[in-house]
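[1] Please find the sequence and the predicted model below.
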Amino acid sequence: MNRSARLAARRRQILELPRRARVRAILESDRPRELVRALPAQEFFLTIAEAGLDEALPLLPLASRHQLDFLTDIDAWSGSELDPERMARWIEAFAAADPDLVARWLREGDEDTVVVALAHLVRVYKLDAETDPAFFPPERPLPTLDGVYFLEPAPGAPPEVFPPLWEGLTRLRAAEPRVYEALLEQVLWIIPAEREEEAYRGRCSRLAERGFPEFDEAVEVWVPGPEIRAEERRRLAARFEGRRLTPPAGREPVTALIPLDGSTTPVLARAVAALPPERLEETATAIAALANRYAVASLGHLGELETHRLGLETALSHLQLGLLELVPDGDAGRAAAVLAEMHPRDIARVGVGAVQERAFRARRLADGWLSRVHRGRNRLDPELDEPLTALLLPRPLFGEFGGSPRPFRTREDLEAVDLVLDTVTALGEFLEGVLGAGEEELPELIRLPAGRIGPDAVEWSAVALTAVARRVLGGGSVRPRPLSAGEARRAAAALLDGDRPGPVFFRVLDELRLGPAALYLARRLGDDADALRTAPSPRGVRSILLTGR
């Protein structure tokens, strides 16, 4: 094996390690500089971020100019402006890693970035016969290396960055005085806004080359196109009927090239494991690029590890969701056939289509009856409102009651949200179509039912179930007038079959246009079954509105 092949093999071994373990493995190798420079720039940054800057300091002097530029490109900007605090952190780290590294960065780093960074961090004065007196140093002692250029910390700059910068400039002048002078001349005469704009354009171009497009392009991962229609997703799925790849013998379901979690994206993990070996690296590269697009589209700071983690999680989740839309049974061989033929970005778009179809329904509900009916959104059960809120985010997520929103991953996620949307839709049809609810408060709710603290504590599910109870009590009324304890017991006897709602319950729901909400409302009523049969009270019953008598 020649030297290049040995380096490639060692690089692969390093990339297979957890990022926290890479620092020691690299430093203990016989060619640490070559190994560091063989790392993709993003992996170099993520290795430092996960290991921690203090532990990873020895890697910095080994990095190439392009890797160092990537560190400041990815982390030292906030929007279109250079962030002095973040830039200062890297300059201090360079100095702590190697006193010569700051001088090297001043000399070799992207020129526009270096000049703009210095303009943010130091103020430069010049004293000679040809310089406008407006640029002369003030009448106070300032450090100078040559009696011509005088420096002091810029207003608002982190004071702790000046000593390492001064040391770096000192070393730069000793090694290359002309470069030192040319650099300070640029800082002296800079038009800050124009030069920062040039630096930002260069930064965006370099990041785009490394898989981080600008926001307007990246956000296209959330635009599904025709895949938002279920029939289009079914048409795509039909293309792959009968196609299947056989997993190579002995292949682990989770590969080292792609950080898959078999517990959260098992279908994707098995599909990757079934790919031909020659397709793995290409697929890994495409998935990494997709994750970067999701990271940029999230508007999170690219210097934060969490932004990259969320980008990868979203990419893998939408990829798996797309595979499940195209291969509903999740068969690994069939999913691998899809992954081998379709670009990961197109598969993820199928998953996004399924998500956006639900998000579109959620927006119609939010703009429809939830905005027309008095206290419409406020009275949704939390179990309904939290998933709806997650769907209404600019980047829709799966929201589970009591949990943190996350990307959609499975058909079960979609089915859970479908139940929520069906329930909310049915509640709206009941409230507007049966009760005639509108901008005014329902007459039965003007006086708060017992045990409800504030008008928003009257949940629409309880209003609906109270109307169901009124219907089975007879008299022809379906108005949601709160029930006495005795009425609640009689209604429960008619509606419940043991601990569960019986046939009468479901028949009445259909009569009141609440059939699509049956699963949810049955669960609500079933939770209170024991209390309703024995001693219903406002404190112990959530599903029915009570009078307290």
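    Done, it's in.
[2] and Leu384, what is it in contact with?
    Counting by C-beta atoms under 8 Å, 6 or more residues apart in numbering, Leu384 makes contact with 420, 423-424, 461, 520. No exception for glycine: its C-beta is placed from N, CA and C like everyone else's.
[3] let's see it at 10 Å
    401, 419-421, 423-424, 427, 459-461, 517, 520 (C-beta atoms under 10 Å, 6 or more residues apart in numbering).
[4] could you flag which of those are buried?
    Among the contacts of Leu384, those classed as buried by 16 or more other C-beta atoms under 10 Å are 419-421, 423-424, 427, 459-461, 517, 520.
[5] Pick out whichever of these sits closest to Leu71.
    Checking the buried ones among the contacts of Leu384 against Leu71 with C-beta to C-beta, the nearest one is Val420 at 43.4 Å.
[6] wait, the closest one sits on Asp385?
    Yes: Val420 is within contact range of Asp385, at 9.1 Å (criterion: C-beta atoms under 10 Å).
[7] what residues are shared contacts of these two?
    Common neighbours of Val420 and Asp385, using C-beta under 10 Å, 6+ apart, are 399, 401.
[8] Check the spacing between the residue minimising distance to the centre of the chain and Gly303 real quick.
    Of all residues in the chain, the one closest to the mean position by C-alpha atoms, centre = their mean is Leu310, 4.2 Å from it. Distance of Leu310 to Gly303, given as C-beta to C-beta, to the nearest Å: 14 Å.
[9] before we move on, the earlier item: from the contacts of Leu384, which is closest to Asp329?
    Leu419 (21.6 Å).
[10] What does the pLDDT read for the closest one?
    Leu419 carries a pLDDT value of 98.
[11] Same question for the one 5 residues further on.
    According to the prediction, Val424 has pLDDT 98.
[12] Report how many residues lie close to Arg293.
    24 (other C-beta atoms under 10 Å).
[13] Need the CA coordinates for the strand or helix carrying it. CSV is fine.
    Per DSSP states H and E, Arg293 falls inside helix 277-297. The C-alpha trace of helix 277-297 is given here as CSV (Å, rounded to 0.1, in the frame of the first residue of the first chain):
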residue,chain,number,x,y,z
PRO,A,277,-20.2,-0.8,-1.1
GLU,A,278,-19.2,1.5,-3.9
ARG,A,279,-22.3,3.7,-3.3
LEU,A,280,-21.8,4.3,0.4
GLU,A,281,-19.4,7.2,0.2
GLU,A,282,-21.4,8.9,-2.5
THR,A,283,-24.6,8.5,-0.5
ALA,A,284,-22.8,9.7,2.7
THR,A,285,-21.6,12.9,0.9
ALA,A,286,-25.1,13.6,-0.5
ILE,A,287,-26.7,13.1,3.0
ALA,A,288,-24.1,15.4,4.6
ALA,A,289,-24.8,18.1,1.9
LEU,A,290,-28.6,17.7,2.6
ALA,A,291,-28.0,18.0,6.4
ASN,A,292,-26.0,21.3,5.8
ARG,A,293,-29.0,22.7,3.8
TYR,A,294,-31.3,21.9,6.6
ALA,A,295,-28.8,23.5,9.0
VAL,A,296,-28.7,26.7,7.0
ALA,A,297,-32.5,26.7,6.5
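[14] what pLDDT, on average, does stretch 2-19 get?
    77.
[15] Sketch out the helices for the stretch 401-549 of the chain, chain order is fine.
    For the stretch 401-549 of the chain, the helices defined by DSSP state H, counting those that start in this stretch cover 411-429, 460-473, 485-495, 503-511, 518-527, 529-533.
[16] And the first one, what does it pack against?
    Put plainly, it is helix 411-429. Here helix 411-429 touches helix 305-326, helix 344-367, helix 369-372, helix 382-391, helix 460-473, helix 518-527, going by 3 or more C-beta pairs under 10 Å, 6 or more residues apart in numbering; DSSP states H and E.
[17] Show the contacting residues for Arg33.
    Neighbouring residues of Arg33 by C-beta under 10 Å, 6+ apart: 26, 59, 61-64.
[18] Nearest to Pro266 among the residues you listed?
    Lowest distance from Pro266 to those (C-beta to C-beta) belongs to Ile26, with 32.1 Å.
[19] quick one on the thing from earlier: the residue nearest to the centre of the chain - nearest residue in space that isn't next to it in sequence?
    Ser298 (5.9 Å; C-beta to C-beta, 6 or more residues apart in numbering).
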